[in-house]
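Q: next one to model:
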Amino acid sequence: MRRSTAVLCGATVVLAGTLTAVPAEATTSRSAPAAQASKVTWKKCATEDSPTLQCATVKVPLDYARPQGRKITLALSRVPHTARKYQGPLLVNPGGPGGSGLSLAGFVASSLPKAVASQYDVIGFDPRGVGESKPALDCKPGYFNPVRPDSVPRTAAIEKANLARAKSFAKACGTKYADLLPYINTVSAVKDMDAIRAALGAPKINYFGYSYGTYLGQVYAKLFPSRVRRLVLDSIVDPGGVWYDANITQDYAFDARQKALMAWIAKYDATYKLGTDPARIEAKWYAMRAELAKKPAGGKVGASELEDTFIPGGYYNGYWPSLAEAFAAYVNDKNATPLVKAYEGMAAIDASGDNGYSVYTAVQCRDVSWPRDWNQWRKDNWAVYKKAPLMAWNNAWYNAPCAFWPTRTMKPVNVANSKLPPVLLFQATKDAATPYQGGVAVHRLLKHSSLVVENGGGNHGITLSGNACLDAYLAKYLTDGTVPRGSGVADAVCQKTADPKPAAATPSALAAGQPAAAAPGDALHRLLGSRG
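A: Below is the predicted model:
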């Protein structure tokens with residue numbers, strides 16, 4: 001949940017009222033009213049990576065049922081178009097819930113072909129509660145400070161300790177943000193997106209979302225189908241599983257990705273000297289976990305923190321060399337320093353992470369109902385653990401505050417849609433965070449969608465990451481709306497990008513949470529983070 005955030009400056013625009021006019025060429029949706037808006041005033045907030053970046057803020061209703069009531073502030077960023085041909089705003093979102101999108105605007109604008117990016121105002125935004133948007137949630141600072149109890153509740157005492165933590169987090173959120181929590185949810189965030197559209201004076205938006213950002217896109221398209229011009233969804237949330245079932249599905253997929261990492265390490269035994277049998281290497285990993293449960297490395301990396309450190313490898317294989325180096329150093333040389341540095345760089349939670357997790361729980365726990373009987377969680381997660389132990393209990397405790405959440409829950413949105421223009425979907429077949437079946441399901445639910453599959457790929461977030469085949473489909477769609485049309489489950493298939501090669505990780509790279517050697521996907525995956 002570590003996210004990059006741009007520093008904001010700029011004027012504030014007030015959004016209020018309902019059923020007010022938008023430009024004449026716009027067709028309003030019957031399902032949700034337009035928001036009244038004034039023109040956004042942008043100010044320079046350039047960074048080294050994004051020299052033309054601009055920033056602004058807008059005010060929106062906390063409660064859209066009371067548009068004249070309390071307002072909150074959303075933070076925006078923009079890389080403005082430069083081409084004579086202008087195709088409107090392209091809103092971008094990196095996922096989460098809880099991910100900051102301010103830096104993503106600059107990344108997308110610089111990663112797309114210049115001829116394509118120059119035709120759009122690329123708009124990043126921090127969703128309500130996130131980052132530079134105000135108020136920003138931070139329910140319980142330091143909630144993930146090491147060393148946490150072992151995630152696997154082998155004893156009643158361990159389970160009791162983890163339950164106490166989860167209950168304390170839910171209580172802290174309810175106490176600190178009782179007035180906000182009912183309004184931190186996906187539907188409200190989607191209405192904010194339409195308020196941003198209105199503030200920009202655009203009749204329609206173009207939208208590009210990764211991970212949870214794909215669910216934002218699905219729900220936006222359902223509530224505002226006539227305001228969608230182009231829609232790109234990469235690494236797709238299955239709307240039929242939000243959110244309890246989706247997390248259980250993840251557990252199996254992440255365990256498979258961990259096994260893929262073990263097989264990769266076995267392939268390079270000459271480098272890592274951990275053996276050539278993936279099963280035996282995995283046994284060494286669990287032996288390391290058992291040792292760390294008894295004696296945390298550096299007083300920081302216990303069993304739960306070790307899981308936190310290796311979970312990012314399930315999101316992005318560019319981290320594999322760094323993780324393998326740390327693993328090998330601990331097992332072969334009794335040197336825990338690289339492991340501690342890997343934890344500090346890839347998994348330690350800072351203030352931004354505290355904010356991201358607070359919004360994550362607020363959204364997921366509010367969006368839909370969760371089991372309130374802990375016996376159901378216990379039964380389900382022990383069943384998962386027997387087959388897929390890596391992430392089963394770690395993920396359960398990550399989401400456990402939802403069993404005790406202080407707000408009422410909402411009903412999930414039926415995103416089935418036949419009213420959209422062509423939509424472009426991207427999905428890797430071995431994605432762990434949003435497994436492949438989610439892409440297939442959404443392809444069926446969105447009538448005019450086309451699905452581009454990365455065959456054999458396991459990374460989460462696959463466009464603008466070095467796969468020229470995928471990026472060509474993206475560029476073509478954003479240029480003129482063209483999508484591939486096929487006769488099978490997928491409309492087009494691209495082969496996966498090659499797995500990384502071993503490369504010695506420097507301490508400074510590990511400390512920065514960076515892969516051992518630079519790769520095309522590194523920049524994107526630093527923005528997407530993990531748990532997103």
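Q: what about residue 373, neighbour count?
A: 9 (other C-beta atoms under 10 Å). The way it works is simple: take the backbone N, C-alpha and C, and place the C-beta from them, glycine included.
Q: please read the previous query as pertaining to residue 150.
A: 23.
Q: so it sits in a helix?
A: No. Under DSSP: H, G, I helix; E, B strand; the rest coil, residue 150 falls outside any helix and is assigned coil.
Q: contact partners for it?
A: Applying C-beta atoms under 8 Å, 6 or more residues apart in numbering to residue 150 gives the contacts 158, 293, 302-304.
Q: from those, keep the buried residues only.
A: Neighbour counting with 16 or more other C-beta atoms under 10 Å marks 158, 293, 302-304 as buried within the contacts of residue 150.
Q: which ones among those residues map onto helices?
A: 158, 293, 303-304 (DSSP state H).
Q: okay, these in a markdown table with pLDDT next?
A: Shown next, in a markdown table, are these (pLDDT from 0 to 100):
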| residue | pLDDT |
| --- | --- |
| 158 | 98 |
| 293 | 98 |
| 303 | 98 |
| 304 | 98 |
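Q: please enumerate the strands of the stretch 201-350 of the chain.
A: Using DSSP state E, counting those that start in this stretch, the strands found in the stretch 201-350 of the chain span residues 205-210, 228-234.
Q: tell me the mean pLDDT for the one helix or strand residue 198 maps to?
A: Assigned by DSSP states H and E, residue 198 belongs to helix 186-199. What helix 186-199 shows for mean pLDDT is 98.
Q: find out how far that helix is from the centre of the chain, if you would.
A: Taking C-alpha atoms, centre = their mean, to the nearest Å, one finds helix 186-199 lying 18 Å from the centre of the chain it belongs to.
Q: tell me which other helices or strands it touches.
A: strand 35-36, strand 54-61, strand 71-79, strand 89-93, strand 121-126, strand 205-210, helix 212-223, helix 351-367 (3 or more C-beta pairs under 8 Å, 6 or more residues apart in numbering; DSSP states H and E).
Q: looking at the ones in helices among the buried ones among the contacts of residue 150, which one is closest to residue 185?
A: residue 304 (28.3 Å; C-beta to C-beta).
Q: can you pull the contacts of that closest one?
A: 147-151, 394, 397.
Q: let me see the contact set for residue 366.
A: Residue 366 makes contacts with 181-182, 184-185, 405, 407, 409-410, as judged by C-beta under 8 Å, 6+ apart.
Q: for residue 382, that is, sorry about that
A: Contacts of residue 382 by C-beta under 8 Å, 6+ apart: none found.
Q: could you do residue 142 as well?
A: residue 354.
Q: could you measure from it over to residue 346?
A: Look at residue 142 and residue 346: by C-beta to C-beta, to the nearest Å, they are 19 Å apart.
Q: re the thing from before, so which of the helices and strands packed on helix 186-199 is nearest residue 437?
A: If we rank these by C-beta to C-beta, the stretch that ends up nearest is helix 212-223, at 13.7 Å.
Q: mean confidence score for that closest one?
A: Here the average pLDDT along helix 212-223 is 98.
Q: same thing with stretch 81-100?
A: 98.
Q: quick one: terminal-to-terminal distance for that stretch?
A: 22 Å (C-alpha to C-alpha, to the nearest Å).
Q: just how off-centre is it within its chain?
A: 16 Å.
Q: what do you get for stretch 346-353?
A: The answer for stretch 346-353 is 14 Å, by C-alpha atoms, centre = their mean.
Q: check stretch 294-310 too.
A: 24 Å.
Q: CA atoms only for the longest helix along the chain, dumped as CSV, please.
A: For the chain, the longest helix by residue count, based on DSSP H, is helix 244-267. Output in CSV follows, covering the C-alpha atoms of helix 244-267 (Å, rounded to 0.1, in the frame of the first residue of the first chain):
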residue,chain,number,x,y,z
TYR,A,244,-15.0,-11.4,0.6
ASP,A,245,-15.0,-14.1,-2.1
ALA,A,246,-12.5,-12.1,-4.2
ASN,A,247,-10.0,-12.2,-1.4
ILE,A,248,-10.3,-15.9,-1.0
THR,A,249,-9.9,-16.4,-4.8
GLN,A,250,-6.7,-14.3,-4.5
ASP,A,251,-5.2,-16.6,-1.9
TYR,A,252,-5.0,-19.6,-4.3
ALA,A,253,-3.6,-17.4,-7.1
PHE,A,254,-0.9,-15.9,-4.9
ASP,A,255,0.2,-19.3,-3.7
ALA,A,256,0.6,-20.3,-7.3
ARG,A,257,2.7,-17.2,-8.0
GLN,A,258,4.9,-18.1,-5.0
LYS,A,259,5.4,-21.5,-6.5
ALA,A,260,6.3,-19.8,-9.8
LEU,A,261,9.0,-17.8,-7.9
MET,A,262,10.3,-21.0,-6.4
ALA,A,263,10.6,-22.6,-9.9
TRP,A,264,12.4,-19.5,-11.2
ILE,A,265,14.9,-19.7,-8.3
ALA,A,266,15.4,-23.4,-9.1
LYS,A,267,16.2,-22.5,-12.6
